[in-house]
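Enquirer: the following block contains a protein sequence and its predicted model.
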Amino acid sequence: PFPASIKDGYAVVASDGPGDYEIVGNARCGDAPDYVVKPNTVAYITTGGPVPSGADAVVMVERTNVLPVCSDGKRRVRILEGASKGQDIRPVGCDIQAGQTILQAGDVLGPGEVGLLAGAGAATVHVFAAPKVAVMSSGDEVVDPATEPGHLKPGQIRDSNRSMLLAAAQACGALTLDLGIALDTKASIAAQFEAALAWGADVLLTSGGVSMGDRDLIKPLLEERGSVHFGRVLMKPGKPLTFATLQSRTDARPMLVFGLPGNPVSSLVCFYLCVVPALRKMAGWADPSLRRVTCQLAQTLKMDPERPEYHRATLSWGPAGNLVAHSTGGGLSSRLLSAKSANALLELPMKKGRLPVGATVSALLISDLCGMPIRHQVPDTSSMPQASSPTQQDGADAPPRFRSSADDAATLCLAGLGGAALMAAHGGNKLPHWAVLGGGAAAVASVAVLGRSFWRRWSLSQGAMAGVTTSKEVVRAAVLTISDTVAAGKAEDRGGPSAVAALKEVGEPLGGVAIVATAVVADEVAGIQSVLKKWCDSGMVDFVITTGGTGFTPRDVTPEATRPLLDREAPGLVAAMLKESLLITPTAMLSRQVAGTRKSTLVINMPGNPKAVGECLNAIMPALPLALRQMRGLAGKPNHASIGTYTGLGIGAQPSSKPANKVLEAPGVGVIIDPETAAVAGKFQGFND
């Protein structure tokens, strides 16, 4: 907004030329000179300082000599070189012209854009609301990632998909909700759907249960409760990808449901191809598609004659300045190692034969290239025989594009929504909100993580409640609905979703709540105990609420199922809940609730009435935070953070007295590998550091 000096030196009148001149004043940053630089005078000026009136050039300090102070006290300087008019002066409007548009609707806010807005005085801007994404896994064989090797039963596998998809959604700027693992029953899966709707999710991501097995129940349930727009896609991997919409009872906008395959690589590839463009569209990107580049193959790749393939690869710069694609390994879609370090998906055409080394192919970028490997010996492909680019082929040989793929994935996945595009500002139906710059506002900016010079530990199983990273220990809660009619699919589960909503309402005094599991079982002692033992004995659930089965009918067996499992009962909690309930209805005295602890988990029976759950929680809130902290032994111990908190940082090993391969000054920012805790197969099991 004012002419400023580009360098430290002296503001001069250019026509004066070299010579000795009186210094009439200073013009430092923040000054407002009230004098005039007349011919045969100069002013001392610093970089960024305002150029005084009368001066029309700046001579850098290296081209001057300061002279001794005169007897009259005046300062003088010798200008050694002449200056041209305007030299080293930044004129008014050289950065942004008056009336110039610096940002417009559809621009994504990054650090540079935020700086532009701040410089223009736009302290608040109208932005799109960040999409809310709920993530669930399904399968009787799936267990928590932190399950110790000794507790992993035959036929069980750790749940890698849920943590992976939560991190991927957060990297897109979404707010996330961890729904935990659903059992292979319609009631359990339906409870997860209801929890996502109750949270107000824009998108629900499921993994598993969409193939052709007799226990693949997600797709049939989506057909019953909503609209399935497609259920199979001609691509590799990801053939069983399903897209559906579920309508909320309270929100006119439908919830988008992406039924991702259970195999980890298939799940992640489908996320990039379909979910990322949809999230970008919802977040207001003008062009939500994945960016496409061309590259040359570093090795021969076999094509599939039956399906176009998205092949995982790492791009790096070749010696000729071209992008070279190094396959991270194809093969089984369950082989998650092939996704490690991959920053692109190669678009391989549906065709027999092989693509030779040096063939030019198109690739979709799935991460930025800042972390691409620096390869010191990359094959020089400039002299290799050039195969015709697959992007030039048509018909059956054409690369998968989602007219076949990512260009129109958002359009395809948003089809059938009654003509209402899920855009926020400027004509959409998703209300925008105000965000204050400097307070974390950004259209779809990922959560920034500051590396600190102290160690924190994170747990894969904690998840990130609503995408909010926190230094507090999040309470990991699970909700079990006990009802014959709900388990049989003859009635709607109202108690479970109400319990989830009630837990969210009391989350702040508890330090945050993450729903890590929900389930529905019939009024059978064995079934109730099976779920309770699984949750409590895993060590990954802090608080279990059961709803239903506490009355006087012959089928109300929840207390009988719960009490034998408890190590210690908590009659004070039961008394507090009963006292509160009696203020509302005298029939509360018929409730036979039980509360107590099993190992490090607090278990509380609550009535099946949706309103009663909230009443019971409010009654015990004065003591519940302390009880949970004591249960987990947190007094005086370091805080924890979720895996989402550290997405983007290197894996570190906790400092020890043992010699490390590499030592950095700021642990947790870079990668420190201790020989005894190195992240190698079969050795790095706990994901503790």
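Expert: Nice, I can see it. Numbering: from 1, shown residues only.
Enquirer: how many other residues sit next to Val69?
Expert: By other CB atoms under 10 Å, the residues close to Val69 number 11. Backbone N, C-alpha and C define where each C-beta goes, glycine included.
Enquirer: quick one: secondary structure of it?
Expert: coil (DSSP: H, G, I helix; E, B strand; the rest coil).
Enquirer: equivalent analysis for Val531, please.
Expert: helix.
Enquirer: how far away is it from Val520?
Expert: Using CB to CB, to the nearest Å, Val531 is found at 9 Å from Val520.
Enquirer: can you check which residues contact both of those two?
Expert: In terms of CB atoms under 8 Å, 6 or more residues apart in numbering, Val531 and Val520 are both contacted by the residues Leu480.
Enquirer: so these two - more neighbours on which side?
Expert: Val520 (30 against 21).
Enquirer: which SSE is that one in?
Expert: If you go by DSSP states H and E, Val520 is part of strand 513-521.
Enquirer: pull that strand out as CSV, backbone CA atoms only.
Expert: What follows is strand 513-521 as a C-alpha-only set of coordinates in CSV (Å, rounded to 0.1, in the frame of the first residue of the first chain):
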residue,chain,number,x,y,z
VAL,A,513,-15.6,-40.4,22.9
ALA,A,514,-14.9,-42.8,20.0
ILE,A,515,-17.5,-45.4,19.3
VAL,A,516,-15.2,-48.4,18.5
ALA,A,517,-17.9,-51.1,18.2
THR,A,518,-21.7,-51.6,18.1
ALA,A,519,-23.6,-54.8,17.9
VAL,A,520,-27.1,-56.3,18.3
VAL,A,521,-27.8,-59.7,19.9
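Enquirer: and that strand, what's its mean pLDDT?
Expert: For strand 513-521, mean pLDDT is 87.
Enquirer: just stretch 231-247 next, same as before
Expert: On average, stretch 231-247 scores 94.
Enquirer: next, count neighbours for Gly99.
Expert: By other CB under 10 Å, neighbour count at Gly99 equals 6.
Enquirer: what of Lys534?
Expert: 17.
Enquirer: which other helices and strands does the strand holding Val520 contact?
Expert: Where contact means 3 or more CB pairs under 8 Å, 6 or more residues apart in numbering; DSSP states H and E, strand 513-521 is packed against strand 175-182, helix 186-199, strand 475-482, helix 484-487, helix 495-505, helix 525-538.
Enquirer: buried sites along the shortest one?
Expert: Using 16 or more other CB atoms under 10 Å as the test for burial, helix 484-487 gives 486-487.
Enquirer: what helices or strands is it leaning on?
Expert: Counting by 3+ CB pairs under 8 Å, 6+ apart, helix 484-487 packs on strand 513-521.
Enquirer: chain center to the strand it packs on, what's the gap?
Expert: 21 Å (CA atoms, centre = their mean, to the nearest Å).
Enquirer: give me the residue at the spatial middle of the protein.
Expert: Nearest to the mean C-alpha position of the chain, by CA atoms, centre = their mean, lies Gln170 at 0.8 Å.
Enquirer: backbone phi and psi for it, please?
Expert: Here is the backbone geometry of Gln170 (degrees, to the nearest 10): phi -60, psi -30.
Enquirer: from here on, call the first residue 51.
Expert: In the new count, where the first residue is 51, that last one comes out as Gln220.
Enquirer: that one reaches Asp228, doesn't it?
Expert: No: assessed by CB atoms under 8 Å, Gln220 is found out of contact with Asp228, at 10.9 Å.
Enquirer: mind putting the helices and strands packed on strand 563-571 into JSON lines with distance to Gln147 and mean pLDDT?
Expert: Shown next, in JSON lines, are the helices and strands packed on strand 563-571 (distance: least, CB to CB, whole Å; pLDDT from 0 to 100):
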{"stretch": "strand 225-232", "distance to Gln147": "38", "mean pLDDT": "90"}
{"stretch": "helix 236-249", "distance to Gln147": "46", "mean pLDDT": "89"}
{"stretch": "strand 525-532", "distance to Gln147": "54", "mean pLDDT": "91"}
{"stretch": "helix 534-537", "distance to Gln147": "65", "mean pLDDT": "90"}
{"stretch": "helix 545-555", "distance to Gln147": "49", "mean pLDDT": "86"}
{"stretch": "helix 575-588", "distance to Gln147": "62", "mean pLDDT": "90"}
